[in-house]
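Enquirer: heads up, no residue letters with this:
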């Protein structure tokens, strides 16, 4: 495949064959040589063939082989002529991250770290099939799907300011529970307020380095500050919504005679009945995920107050921001000098809106939105801010994390004979985990170097480095 | 060999083999549940019958695996064994031996979020049947 280096951070796959647009990959010389990227690049090309795609099929530096769309992929489609694809969003709809920053510093928390890790592990249900402390009726579940974060806050799980500091105010308004299957509803009944398994986590961190003091100040971050990061999504309900619509759209695409390079790319025109039904069902799952992360944050705040014996004011665990990783959004962008309504698919990618954007809360209008990039559990996470370059070039999008380097089985092999939790303890990181193979599958070596990934998006100008966080305690499902 | 795991960066793939399509589908079900669950001591088992149909052999395999996965995800049931009576015209009827998941007897190895269409194949090569399935975990 013909890959052309445009500058140290940008590679292009020229438009050939059935491609409607070129492919554009943000990476660097070191990462592009990783042979595991080959399959993912083919997927970038496949996405470029879909109807109504605009400008380019993008891949972020954390790109890895997904199913259909690559993980770390961004693709925007004309709202009138283009398509929407469940595979372009992924199974864990609105899998995302939220970061809260406390008024505590590391030395105040260190002596209580083990107790905090134990209490978080006990009070935040995690692991496969875990059930939550929030029991829903079907009627109430519909409200969760319609209201998202606001539902959780109304039930007492958090504060109004949490809603403001969540992407889209924690609610996609087009949500229509009628489009969610009974099976998906059934799976959602018992899982609200649960973390899940795999790469989902709760992490206590410390602000380790500040790169942009002014923006960090606006985000409420300062050196040595104790933070809390959560990574979770829409649980079984979201997987089921994706699965239901992939199944449906695969048949739909076959009936309509679509020529798709991969069935996992099955899709429907956004304006079609099928397209609208998926968009409205996906929004339900997105809202469920926001309510879920809101409840998890509330539980974590309770744990901090109880273990440390302090008041909400003394803790001041304020939400910095909450962002989605797997989503399709209706947004306005300028394409070839013309304002257009588009459907931006971000699959393992993050929104990166710039300073002055109307969709941002007042406090972030001057700086651009906070972008939260978790690394592996032994290294670091980053806080970045959105930029005008992202808006002009990538439909306001950037990377989402480190991205896997090793497959799960390769990671397990590499972990043989090692005691991962002791390695982490030596680095000052307390770890609690549920799944038998979670630690080896999720060990730091399984992921790309987060610093390298972040340096690419910073160097390319599609995000700006603000602060680095160092993990001190991690809870895994 | 009934099935073999293959490497895929973010997910888990399986190559499945069978002397005919019926055995292929039974082996696919076995592969999926062995990826998910460890432990096999059972007291309370029950046999249920199902019939399914699809548009193509791939579509039928997808429908088969999705149906079994859904039993676990929604009803908390493990499928211990499957016996497919026959597959014809992309329809099948089968007996499933099921048991409720019990944390004291079983442990979960991997959460399978879904059976994906990515690289999904069902084909007859010479006298043997072959399938590839990639699970999102």
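Expert: Ah, there it is. Computed from a prediction, not measured in an experiment: that's the story for all the values here.

Enquirer: tell me how far residue A:471 lies from residue A:431.
Expert: For residue A:471, the distance to residue A:431 equals 9 Å [C-beta to C-beta, to the nearest Å]. (Glycine included, C-beta is placed from N, CA and C.)

Enquirer: give me the common contacts of the two.
Expert: Listed contacts common to residue A:471 and residue A:431 are residue A:377; contacts here mean C-beta atoms under 8 Å, 6 or more residues apart in numbering or on different chains.

Enquirer: which of these two has more residues huddled nearby?
Expert: Set residue A:471 next to residue A:431 and count neighbours by other C-beta atoms under 10 Å in any protein chain shown: residue A:471 wins out with 27 against 24.

Enquirer: the closest residue to chain B within the stretch 1-150 of chain A pairs with what?
Expert: Using C-beta to the nearest C-beta, the single residue of the stretch 1-150 of chain A nearest to chain B is residue A:67, 3.2 Å away. Beta bridges link residue A:67 to residue A:69 when assigned by DSSP bridges.

Enquirer: most proximal residue of the stretch 251-400 of chain A with respect to chain B?
Expert: Distances between the stretch 251-400 of chain A and chain B by C-beta to the nearest C-beta are smallest at residue A:263, namely 3.7 Å.

Enquirer: that residue contacts residue B:117, doesn't it?
Expert: Yes. With contact defined as C-beta atoms under 8 Å, residue A:263 reaches residue B:117; the gap is 3.7 Å.

Enquirer: overlap of the contact sets of the two?
Expert: Joint contacts of residue A:263 and residue B:117 (C-beta under 8 Å, 6+ apart) are A:68, A:250.

Enquirer: need the contact partners of the longest strand along chain B.
Expert: If you go by DSSP state E, chain B has its longest strand at strand B:77-88. With contacts defined as C-beta under 8 Å, 6+ apart, strand B:77-88 is touched by B:21-23, B:25-26, B:29-30, B:33, B:37, B:40, B:42, B:45, B:60, B:68, B:71-72, B:92-101, B:106.

Enquirer: go ahead and flag the most central residue of chain B.
Expert: Centroid-nearest residue in chain B: residue B:29, 2.0 Å away (criterion: C-alpha atoms, centre = their mean).

Enquirer: so it is in which element?
Expert: helix B:21-36 (DSSP states H and E).

Enquirer: can you check residue A:229 too?
Expert: For residue A:229, the host element (DSSP H and E) is strand A:225-232.

Enquirer: so, in contact with chain B or not, that strand?
Expert: No. Contact of strand A:225-232 with chain B (C-beta under 8 Å from any C-beta of the partner chain) is absent, the minimum separation being 13.1 Å.

Enquirer: related to what we said a few turns ago, and the next element down the chain from the helix holding residue B:29?
Expert: strand B:37-38.

Enquirer: about what we covered before: the residue nearest to the residue nearest to the centre of chain B when sequence neighbours are not counted - how many residues pack around it?
Expert: In space, and not counting its chain neighbours, residue B:29 is closest to residue B:82: 4.6 Å by C-beta to C-beta, 6 or more residues apart in numbering or on different chains. If you count neighbours by other C-beta under 10 Å, residue B:82 ends up with 21.

Enquirer: any idea what residue B:82 is bridged to?
Expert: Residue B:82 forms beta bridges with residue B:96, as assigned by DSSP bridges.
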